[in-house]
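Enquirer: Kindly generate the corresponding structure for this input.
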Amino acid sequence: MVVNSGSTVGSGPATPAKLRAVIKQHWGFNELRPLQAAAMQTFLAGRDSLLVLPTGGGKSLCYQAPAVLRGDTTVVISPLIALMKDQVDGLRACGVPAVQINSSQSPDELRAAERSIADGKIRLVFASPERMATSSFRALLKQINVQRFAIDEAHCISHWGHDFRPDYRQLGDLKRLFPQASIHAFTATATEPVRADIAAQLGLQNPEILVGYFDRPNLTYTVEPRSDQYTQILEVLKRHRGEAGIIYCIRRKDVEELTDWLKQRRIKALPYHAGMDQADRVASQDQFMQEKCQVVVATVAFGMGINRSNIRFVLHTGMPKSIEHYQQETGRAGRDGLEAECVLLYSGADTATWQYIIEKSIADSEAEVDPEYLESARRHLADMENFCRPVKCRHRSLVEYFGQTYDADNCGACDLCLGNNERVPESTTIAQKILSCVYRVHENFGVTHVTAVLRGANLAAIRERGHNELSTYGILKAHSQRELTDWISQLIGQGLLTQTTSEFRVLKLNPASWAVMRGQLQVTLHQTVAAGTGNQADSSRPRTRRSSEAASASWEGVDRELFEHLTAVRLQQAELRRVPPYLVFNDATLRELARVRPASVESLASIYGVGESKLRDFGPAFLAALDEHCRARQLTRDQPAALKSSSGPASPASISGTKATAYSLFRQGATIEKVMKQTDRARATVLQYLCSFLLEEPQSSVQKWVAEDTCRRVTKVAETIGTETLRPIFEALDGAVTYDDIKIVVAHLRSSQ
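Expert: This is a model prediction of the structure:
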């Protein structure tokens, strides 16, 4: 029996220093992102774990780096062949021995891969759940005494997960078949019930459950009422001309029609849905991954396994069926940490469409209807509808859905916080009229009928019931059906009106409804702002949009012409090696190269994402391109602005505008109050700036902002219970120390760690 042993960074116990050395050597990162260090230590210690990190949070590195450091073989169970191939190609580009075992390989390829596994040459083996079920593969893994299993996309195993995969259920046998091995589950989205179910299904023993912060600050979220859909789609495409994006449709028919419509306008777009031939689906995916096509129009069948890091927009032409789906699908944008836009075109009819699809799939399966499943599906739809309503910050809504808190007053990265919506005049009066109409139709009808009555529609269904005689008939006829539907949706989202989850979706009054009608409660409704006006947006007119801080700052100091030139070099290098371009360098690395303009191998090695293998393989080509560009334009080299270590690109807003002013003041020892006055920002925002400042520019002390005694007390508690979350520290101190002070001290401690 062959037992793998050894390490790439010397003998002895796995220390954080050795782990960081491995990461710098192979991936070119000097620092880790939140929770990565804890997840890696759990992996190295052989303790079962479940890690939940949003897409782009660096989950893969949490099992890849420890596998290299240990020097033995880790098995990664992955749902899709494309995902396996992508990860294997990426690891090999970083100098890490990895193989995949799946049905796409020839017998000779499989035998060669199995020999290299048996010889102990491979650090990471990627396999499907179906492959894990075969006795021959299990025997091979027993032969090499596998000690670690990583299960990617682990939400697929859950009864309650939003993407249930029956094949994943077999993985519950791993603990019985490999009792000596630890199991590590990884997923991007899982609420607390789903996390508990994953752990139970896999039989995890006393697992370490690590849940990252769900916010993706580099993403800008926008929800628009769907009116002139194709015009709205073109607006998004114009904003992202030449950039990669995914357009999601609910139905296959919509995918095909939209793809044809875009092609007629000379926009190269490829379709993807489950009804296509497998060869056509693979061709669409490959062209998108190889950057030969920038836009894919797809159903939810497209996405899992798409690791292209420079997707700059995700556009939903209809509402997803759950917030979990939305988080997964929008999470495919901006994986490189740079700015990206997520636009959702929403209509109340989307809920009915999804209900029909869900019920039809149950009927077609001829399986016994599970009432609990149906209720869960309806609840997910209702949660998604609430998100679509312009009631509160989109970032806050997503974070709070997953059971976490969002402290900022203004995210600066959604339609509501960027001011792309405005208050509707006489909101309370309009709300009273709507609620009164619901009352006068005896709370027996849905949105369509109520809006028809309010607009004074001449319909038989209204006349037959005598609703044309009601005092509310035609009372809001000056407003469109879309406006009224949107406002009713907002009232529901604010809890001022109730909508049943039954088939007919009837509107019902509640105590808050009566408080509004009696004038005891004021209402605020919102509408989209049109370009150059303060009125409801006309779909025929282009909308002005304020950019998020991430979007405006991420290009600061970047030579755009040089960036485009380096992009062409990247494509050339990728074609030579037959790998996707982003596996050469991602956009964050190229922007850093175009900002710094390194002049030597040494300065090139300091750039984020440039490890030893990539420096050796791609360094000469990129240095030559830099030399040519800078010499022709007489540009200086080795600019200091971005020559710094990082686990990712600089925080997009970290070096520009208001934040830069705050940083300058903090360096001078300014108090939070003084920075608030100088920057005209709320305390919560300035506190965020301070915490970011402490992480990016570690200080010897934080006594300028927190009293020395308070700092000592927080530090003592944090050393005992850790710094991953603030609430346990707050409770351990009996609430005697404010969250603001705890945040500052914790940021200081994390920077020193």
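Enquirer: which residues does residue 501 contact?
Expert: 375, 378, 379, 381, 382 (C-beta atoms under 8 Å, 6 or more residues apart in numbering). (Glycine included, C-beta is placed from N, CA and C.)
Enquirer: neighbour-wise, which of these leads?
Expert: Neighbour counts for these, by other C-beta atoms under 10 Å, peak at residue 381, which reaches 22 neighbours.
Enquirer: does that residue really touch residue 352, like I thought?
Expert: No - with contacts counted by C-beta atoms under 8 Å, residue 381 stays clear of residue 352, the gap being 9.7 Å.
Enquirer: if you look at the contacts of residue 501, which of them are in helices?
Expert: Within the contacts of residue 501, residues falling in helices by DSSP state H are 375, 378, 379, 381, 382.
Enquirer: For whatever helix or strand residue 21 lives in, buried residues please.
Expert: Using DSSP states H and E, residue 21 falls within helix 16-27. Within helix 16-27, the residues scored as buried using 16 or more other C-beta atoms under 10 Å are 18, 19, 20, 22, 23, 24, 25, 26, 27.
Enquirer: tell me the contacts of the fifth one?
Expert: Residue 23 is in contact with 29, 30, 32, 61, 65, counting by C-beta under 8 Å, 6+ apart.
Enquirer: isn't residue 663 right next to residue 691, touching?
Expert: No - applying C-beta under 8 Å as the test, residue 663 and residue 691 come out as separate, 11.8 Å apart.
Enquirer: number of nearby residues for residue 628?
Expert: So residue 628, with other C-beta under 10 Å, has 11 neighbours.
Enquirer: Reduced to three states, what does it come out as?
Expert: Put simply, residue 628 is helix when judged by DSSP: H, G, I helix; E, B strand; the rest coil.
Enquirer: who touches it in this structure?
Expert: Contacts of residue 628 (C-beta under 8 Å, 6+ apart): none.
Enquirer: which one of the buried residues of helix 16-27 is nearest residue 590?
Expert: residue 27 (16.2 Å; C-beta to C-beta).
Enquirer: can you pull the contacts of the closest one?
Expert: With contact set as C-beta under 8 Å, 6+ apart, residue 27 has these partners: 61, 65, 94, 609, 611.
Enquirer: Kindly indicate whether residue 297 is helix, strand or coil.
Expert: Secondary structure, three-state DSSP: residue 297 is strand.
Enquirer: Show me what it bridges to in the sheet.
Expert: residue 247, residue 271 (DSSP bridges).
Enquirer: circling back to that earlier point, quick one: which of the ones in helices among the contacts of residue 501 is nearest residue 185?
Expert: Of all those, the one with the least separation from residue 185 (C-beta to C-beta) is residue 379, at 24.2 Å.
Enquirer: Quick check: closest non-adjacent residue to residue 331.
Expert: In space, and not counting its chain neighbours, residue 331 is closest to residue 55: 3.1 Å by C-beta to C-beta, 6 or more residues apart in numbering.
Enquirer: Can I take it that the one you found is in a strand?
Expert: No - assignment of residue 55 by three-state DSSP gives coil, placing it outside any strand.
Enquirer: Pull out the buried positions in stretch 290-307.
Expert: For stretch 290-307, by 16+ other C-beta under 10 Å, it's 290-291, 293-300, 302-307.
Enquirer: Now that stretch - C-alpha only, PDB.
Expert: Presented in PDB, the C-alpha positions along stretch 290-307 are these (Å, rounded to 0.1, in the frame of the first residue of the first chain):
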ATOM      1  CA  GLN A 290     -12.400  30.900 -23.800                       C
ATOM      2  CA  GLU A 291     -13.700  34.500 -24.200                       C
ATOM      3  CA  LYS A 292     -14.700  33.900 -27.800                       C
ATOM      4  CA  CYS A 293     -18.200  35.000 -26.900                       C
ATOM      5  CA  GLN A 294     -19.000  37.600 -24.200                       C
ATOM      6  CA  VAL A 295     -22.700  37.100 -23.700                       C
ATOM      7  CA  VAL A 296     -24.600  33.900 -22.800                       C
ATOM      8  CA  VAL A 297     -28.400  33.800 -22.700                       C
ATOM      9  CA  ALA A 298     -29.400  31.000 -20.400                       C
ATOM     10  CA  THR A 299     -31.800  29.400 -18.000                       C
ATOM     11  CA  VAL A 300     -30.700  28.400 -14.500                       C
ATOM     12  CA  ALA A 301     -29.200  25.300 -16.100                       C
ATOM     13  CA  PHE A 302     -26.100  27.500 -16.800                       C
ATOM     14  CA  GLY A 303     -23.800  28.600 -14.100                       C
ATOM     15  CA  MET A 304     -22.600  25.900 -11.800                       C
ATOM     16  CA  GLY A 305     -19.000  25.300 -12.700                       C
ATOM     17  CA  ILE A 306     -18.600  28.700 -14.400                       C
ATOM     18  CA  ASN A 307     -15.400  30.100 -12.900                       C
END
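Enquirer: what about stretch 54-64, distance to the chain center?
Expert: Chain-centre distance of stretch 54-64: 12 Å, with C-alpha atoms, centre = their mean, to the nearest Å.
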